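# Starting from these lines, generate the structure:
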Amino acid sequence: MLKIDMHTHILPPEMPNWTAKFGYGDFIWLKPSAAKAGFADMMKGNQYFRTIEENCWDADVRIADYEKFQTQVQVVCTVPVMFSYWSKGKDCLELSRFLNDHIADLQVRYPKNYVGLGTIPMQDSELAIQELHRLKNELGIDGIQIGSNINDKNLSEPEFFPIFQECEKLGISIMIHPWEMMGFDSMEKYWLPWLVGMPAETSRAMSSLIFGGILERLPNLRVLASHAGGSFIPTIGRIEHGFNCRPDLVAIDNPVNPREYLGKFWTDCITHDIDLLKYILKAQGSEKVCLGTDYPFPLGDLEIGKFIEESDIAPADVENIFCNSILSWLDIDKSRFM
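Okay, the predicted model is just below:
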């Protein structure tokens, strides 16, 4: 069985000091670790941010890791801290192009092992659309990763609609990844932004796309919500009840019940809980649930679907999760990897 991990993150092995280059801001960049080989320090502006291992950038190390779990293909995208939506549009475009060129090169050098998702300057719709066309027509990249909010603006804001419209027109798939979690500063203790804030952010994004009518107006837009859709699917009962009991607040831009959209978007399977995954499968159908791990970060499923293989989920559903759903989301053919 072909096994594809559609949610992995990668960085170029080297990148400029963007803060020095642009003359402002706390951009993320890398410098080799002075302490030991095979590690690098992520810098935020001129301050140390965190240390990462070579599996964040070394294509061959990653392939060897994946072979341990019989997984051939990685769908790779940047680390969300690189989005830099807060920066000037032209600078974010330059940074995005740098990251996208690196990912496109991986696709060329390892065509049976890597599929890329690009990043775009969402804060500037004109420049974002410009990069969408370059991704599709010049780099051969058929999907993008975007944040769950753009400078604390919901994805339902009118300024983002032309970007989504162009994605549908070009056939570019979208993965939504939580970042800049709401309430971050008031709940840093206990790692709560990652444990609580991230699932809430993904639900915020999906609720915005649904209540704002984006998915209704663009029915062929292929959207995937990471981390199993966050808290959106587990709390769909509450969301639906709010839609029904206060339509004056909730149903003001789209009269369609939010439950109707289950099975119309994709999610990955990062639940760390087989019972929750079975609930997601019941709600979505296995054709809309994809293997995703968040590799190489510790909150991810670093045994790459082992908990699914050891479960009693039907083989046909496992094949959908590991392969078919991902091919459908990206609209690519299995033969590409044979």
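# ok so residue 277 is a helix residue?
Yes. Checked against DSSP: H, G, I helix; E, B strand; the rest coil, residue 277 lies within a helix.
# Which positions in stretch 118-128 come out as buried?
118, 119, 120, 121, 122, 123, 124, 125, 127, 128 (16 or more other Cβ atoms under 10 Å). For the C-beta atoms, the positions are set from N, CA and C on the backbone; glycine is no exception.
# what sits up against stretch 195-213?
148-149, 154-157, 176, 178-184, 187, 214-216, 223, 225-227, 229-232, 235, 239, 250-254, 256, 258, 261, 265 (Cβ atoms under 8 Å, 6 or more residues apart in numbering).
# re the thing from before, and which of the buried residues of stretch 118-128 is nearest to residue 325?
residue 118 (20.8 Å; Cβ to Cβ).
# before we move on, the earlier item: so among the contacts of stretch 195-213, which ones count as buried?
Buried among the contacts of stretch 195-213 by 16+ other Cβ under 10 Å: 148-149, 154-156, 176, 178-182, 214-216, 223, 225-227, 229-232, 235, 239, 250-251, 254, 258, 261, 265.
# which ones among the contacts of stretch 195-213 are found in helices?
214, 215, 216, 239, 250 (DSSP state H).
# Which parts of the chain are strands?
4-9, 28-32, 39-44, 47-53, 73-77, 114-116, 143-147, 173-177, 223-225, 266-268, 289-290 (DSSP state E).
# Of those strands, which is nearest residue 306?
strand 4-9 (12.2 Å).
# Ranking helices and strands of the protein by mean pLDDT, which lands last?
Lowest mean confidence among the helices and strands of the chain (mean pLDDT, DSSP states H and E): strand 28-32, at a mean of 90.
# pLDDT value on residue 192, please?
Here, the pLDDT recorded for residue 192 equals 95.
# quick one: it and residue 299, what's the gap?
To residue 299, residue 192 is 13 Å away according to Cβ to Cβ, to the nearest Å.
# Please, where are all the helices along the stretch 51-200 of the chain?
For the stretch 51-200 of the chain, applying DSSP state H, counting those that start in this stretch gives helices covering 59-67, 89-109, 125-134, 161-170, 192, 198-211.
# For the chain, give me the ranges with low pLDDT.
For the chain, not a single residue meets the criterion pLDDT under 70.
# Contact partners for residue 125?
159, 160, 162, 163.
# Let's have those in a markdown table, adding neighbour count.
As requested, those are exported to a markdown table (neighbours: other Cβ atoms under 10 Å):
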| residue | neighbour count |
| --- | --- |
| 159 | 12 |
| 160 | 22 |
| 162 | 13 |
| 163 | 23 |
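# I'd like those laid out as a markdown table, including distance to residue 138.
What follows is the contacts of residue 125, written out as a markdown table (distance: Cβ to Cβ, whole Å):
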| residue | distance to residue 138 |
| --- | --- |
| 159 | 25 |
| 160 | 23 |
| 162 | 20 |
| 163 | 18 |
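# For residue 112, state which of these is nearest.
residue 163 (30.8 Å).
# Name the residues of stretch 27-38 that come out as buried.
27, 28, 29, 30.
# ignore the last one, stretch 330-338
330, 332, 337.
# got it, and stretch 293-302?
Buried, per 16+ other Cβ under 10 Å, within stretch 293-302: 293, 294, 295, 296, 300, 301.
# List the contacts of the second one.
Going by Cβ under 8 Å, 6+ apart, residue 294 touches 7, 8, 9, 226, 227, 270, 300, 301.
# Not including adjacent chain positions, what is the nearest residue to it?
Spatial nearest neighbour of residue 294, excluding adjacent residues (Cβ to Cβ, 6 or more residues apart in numbering): residue 300 at 3.1 Å.
# gap between that neighbour and residue 49?
19 Å.
# same deal with residue 315?
With Cβ to Cβ as the criterion, residue 315 and residue 49 are 43 Å apart.
# Comparing those two, which residue is more hemmed in?
A count of neighbours by other Cβ atoms under 10 Å puts residue 49 above the other of residue 315 and residue 49, at 15 against 8.
# for the more buried one, what are its contacts?
Taking Cβ under 8 Å, 6+ apart as the test, what residue 49 contacts is 28, 41, 42, 43, 81.
# Let's see if you can find the most crowded of these.
Most surrounded of these: other Cβ under 10 Å gives residue 28, at 21 neighbours.
# Can you verify my assumption that the residue nearest to residue 294 contacts residue 293?
Yes. With contact defined as Cβ atoms under 8 Å, residue 300 counts as touching residue 293 (4.7 Å).
# Residues in contact with both of those two, list them for me.
7, 270.
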